[in-house]
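Q: quick one, structure for this:
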Amino acid sequence: MRILSKALIFAAATTALASAASAQVSVSATPGCAVYCGPTPVTYDFETPGTTPIFLGGAIVGPGTTDGQYAQPLGSTGLYFSAGPSTGGPPTNITIGNNISSFSLIWGSLDDYNTLILHTMVGDYTYTGLDIAALIPGLANGDQSAPNTNPIVTFMLSGLDQQAVSFNMLSTQNAFEIDNIAVNSVPEPATWAMMLFGFGACGMALRSRRRKLAIA
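A: The predicted structure follows:
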């Protein structure tokens, strides 16, 4: 029975990582729910100790809605994050980090004056409330209780877009609210190597078993 060499594992892992070399960001949106129905576990919920991202501008607010200032996103409980004139206005920036394959968030009460600018090592990508509403489809009319105007938005990243990930939240009126950021990281090269080694070991074990059955 042959054992995969370290060089072979490393080469396979390098090939797997290189396949994502071309930069690309894709965005999807699904209607929200009264009880959070997005990806789990949630990385940043703005409430549990240790689950607040690095941010500049804006404010952690709540629980609940304050009329004329900010509204709790559908599916959010406790504290959440708000950007807009009532919380200091721009610039508002939230840092996600490096080696990010995807992240999602609740985008609360979609409005046409809300804008999210995603920053990566490659460049900037701009999404308005109207852009996100078109994915569901729905309206960017600020409805605070409808699932289609409180969607779960997911950003899928590849290549160098997975590095230096952060985003700005801009709102010319009150407000742009988010909650429950769920982050998925890219596996480390060592993890890729272990996965490939595991697949190889399983294949060799299965082949060895078939040989024994054939002899029997």
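Q: helices along the chain, start to end?
A: Assigned by DSSP state H, the helices in the chain fall at 6-18, 129-135, 189-215.
Q: could you tell me the least trusted of those helices?
A: Least confidently modelled of these is helix 6-18, at a mean of 38 by mean pLDDT.
Q: surely residue 57 meets residue 94?
A: No - look at residue 57 against residue 94 with CB atoms under 8 Å: they stay out of range, at 9.3 Å. Every C-beta, even on glycine, is put in place using the N, C-alpha and C of the backbone.
Q: quick one: which of the two has more around it?
A: residue 94 (23 against 15; other CB atoms under 10 Å).
Q: how about that one, nearest residue that isn't a chain neighbour?
A: Of all residues not flanking residue 94 in the chain, residue 55 sits nearest, at 4.7 Å (CB to CB, 6 or more residues apart in numbering).
Q: could you report the separation of the one you found from residue 83?
A: Taken as CB to CB, to the nearest Å, the spacing of residue 55 relative to residue 83 amounts to 9 Å.
Q: these two: who's more crowded?
A: Per other CB under 10 Å, whichever of residue 55 and residue 83 has more neighbours is residue 83, with 30 against 18.
Q: any idea how far the more buried one lies from residue 178?
A: 8 Å.
Q: give the contact list for residue 105.
A: 38, 152, 153, 178, 179, 180, 181, 182 (CB atoms under 8 Å, 6 or more residues apart in numbering).
Q: which residues are common contacts for residue 83 and residue 178?
A: residue 169.
Q: what mean pLDDT does stretch 30-46 have?
A: 98.
Q: can you list the buried residues in that stretch?
A: 30, 31, 32, 36, 38, 39, 42, 43, 44, 45, 46 (16 or more other CB atoms under 10 Å).
Q: and that stretch, C-alpha only, in CSV?
A: In CSV, the C-alpha atoms belonging to stretch 30-46 read as follows (Å, rounded to 0.1, in the frame of the first residue of the first chain):
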residue,chain,number,x,y,z
THR,A,30,-33.2,35.5,0.8
PRO,A,31,-36.1,36.8,2.8
GLY,A,32,-35.6,37.1,6.5
CYS,A,33,-37.6,35.6,9.2
ALA,A,34,-39.2,36.7,12.5
VAL,A,35,-36.9,34.1,14.2
TYR,A,36,-33.4,34.3,12.7
CYS,A,37,-33.1,31.8,9.8
GLY,A,38,-29.7,32.7,8.4
PRO,A,39,-26.3,30.8,8.5
THR,A,40,-25.0,29.6,11.8
PRO,A,41,-23.0,30.0,13.9
VAL,A,42,-23.2,33.7,14.0
THR,A,43,-19.8,35.3,14.4
TYR,A,44,-20.8,38.9,15.3
ASP,A,45,-24.2,39.5,17.0
PHE,A,46,-23.2,42.8,18.6
